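J.: Pasting a predicted model and its sequence here:
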Amino acid sequence: MADTQAARRIPAVRLEAFIARAFEAVRISTEESQSIAALMTRADLQGSEGHGVFRLPQYIRRIKGGAVNIKPNIRIVREAAGMALVDGDNGMGHLVMRFATEKAIEKAKSAGVAWVGVKWSNHAGPASLYAGMPLEHDMAGLYLAVGNANHLPPWGGLDMLLSTNPIAVAVPAGEEPPIVLDMATTVAAYGKVKTKAQRGETMPEGWMMDRQGRPLTDPQRANEGFLLPIGGYKGYGLALIFGLLAGTLNGAAMGEGVVDFNADHATPTNTGHVIVAINVDAFQPVAEFKKGVDALIRDIRASQRLPGVDRIRLPGEGSHAARVDRMKNGIPLSAPLAASLDQLAAELKIPPLA
């Protein structure tokens, strides 16, 4: 989230408590509410502004609309040594993905690599939340998902058959921060479009195009156009493949079956995800691997720069810096977002986020 003068800083612990109270108010158990709140706050701490507390009113609307099961039986329905298929029973995506990621880590300890697919889940926040969990176990993580609304047509087409279908990869390092790549297969994730709209800001050219092929920069008119894929037709290809692996392979929604959870608050989405945990120790000693990652990071940072470039950055540096800053100084909330949370508190009859 942009740290503008209009933003106020909220301590992470206070924001997390507010989120938990909101979910308890719609009859999610205290333990599960706290778990969801911790993951959503972690998203805001790392600067994933389109996937943290910004989404809370939307999540609550879908729960109230009956689109989400507040007492799911999250379980494994297919399993082998290095894989599992999880049925989320239409539970909150954060709970489903926490379960799936823990299973992937557990299996990778013995199998070396574990692939866990997920069906009947929901929006779960930023991809890096789950790709990053294996880091705590000296593992690399890889995450794929089918986005929760189609805003991308096939290359050269107009029918919205694909979503932003993100990928995240987290690689542990030693003395350096881990490398964490988290990206949509579109130039901008739709959550960024929504945050721009809430703040009354314009979008850069290149994020969206209207149905006549002209640049679209007004986020209030987003429904008149579509997101653009990264790398042209290559981004379209990635979105398709990731969707097949995270959606179709798991028996989750893909293509025309994807429900737009931005507009529909009553229909289950059957969101599909994939989490892969890679046990570094199965390939080489962890210390040796981390030493090699550190060396590569330093080589890249020290490499020759183009004129006018202040430094060469690596994936994950921005989120790491945001986390350090926001743990110390609080999470910035824009005035429009703070107002929407105050309104939500009034509707739920819980104390506001003061």
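T.: Happy to help now that I have it. Numbers count the residues shown, from 1 in each chain.

J.: in what helix or strand does the nearest residue to residue 85 once chain neighbours are set aside lie?
T.: Leaving aside its sequence neighbours, residue 85 sits nearest to residue 78 (C-beta to C-beta, 6 or more residues apart in numbering; 4.0 Å). For every residue, glycine as well, the C-beta is placed using N, CA and C. Assigned by DSSP states H and E, residue 78 falls within strand 75-80.

J.: Just the residues contacting that strand, thanks.
T.: Outside strand 75-80, the residues within contact range by C-beta atoms under 8 Å, 6 or more residues apart in numbering are 84, 85, 86, 87, 89, 103.

J.: residues near the residue nearest to residue 85, how many?
T.: When neighbours are counted by other C-beta atoms under 10 Å, residue 78 registers 12.

J.: ok, now residue 257?
T.: Neighbour count for residue 257, taken as other C-beta under 10 Å: 14.

J.: nearest residue to it other than its sequence neighbours?
T.: Leaving out its chain neighbours, the residue that sits closest to residue 257 by C-beta to C-beta, 6+ apart is residue 270, at 7.3 Å.

J.: Name the strands paired with the very next helix or strand once past the strand holding residue 78 and say parallel or antiparallel.
T.: Scanning forward in sequence from strand 75-80 by DSSP H and E, the next helix or strand is strand 83-87. Pairing partners of strand 83-87, with direction, according to DSSP bridges: strand 75-80 (antiparallel), strand 113-121 (parallel).

J.: now those strands in a markdown table, with distance to residue 247?
T.: A markdown table is the format used below for those (distance: least, C-beta to C-beta, whole Å):
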| stretch | distance to residue 247 |
| --- | --- |
| strand 75-80 | 16 |
| strand 113-121 | 8 |
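
J.: Tell me which of those strands lies nearest to residue 255.
T.: Nearest to residue 255, of all these, is strand 113-121, at 14.9 Å by C-beta to C-beta.

J.: from the chain's centre, how far out does that closest one sit?
T.: 16 Å (C-alpha atoms, centre = their mean, to the nearest Å).

J.: again with stretch 343-354
T.: 25 Å.

J.: Tell me the buried residues in it?
T.: 344, 345, 348, 353 (16 or more other C-beta atoms under 10 Å).

J.: Work out for me the element the residue nearest to the first one when sequence neighbours are not counted sits within.
T.: To tie it back to what came earlier, the one meant is residue 344. Take residue 344 and drop its neighbours on the chain: the residue closest to it by C-beta to C-beta, 6+ apart is residue 57, 5.0 Å away. Element membership for residue 57 (DSSP H and E) is helix 56-64.

J.: Good, we can wrap up now.
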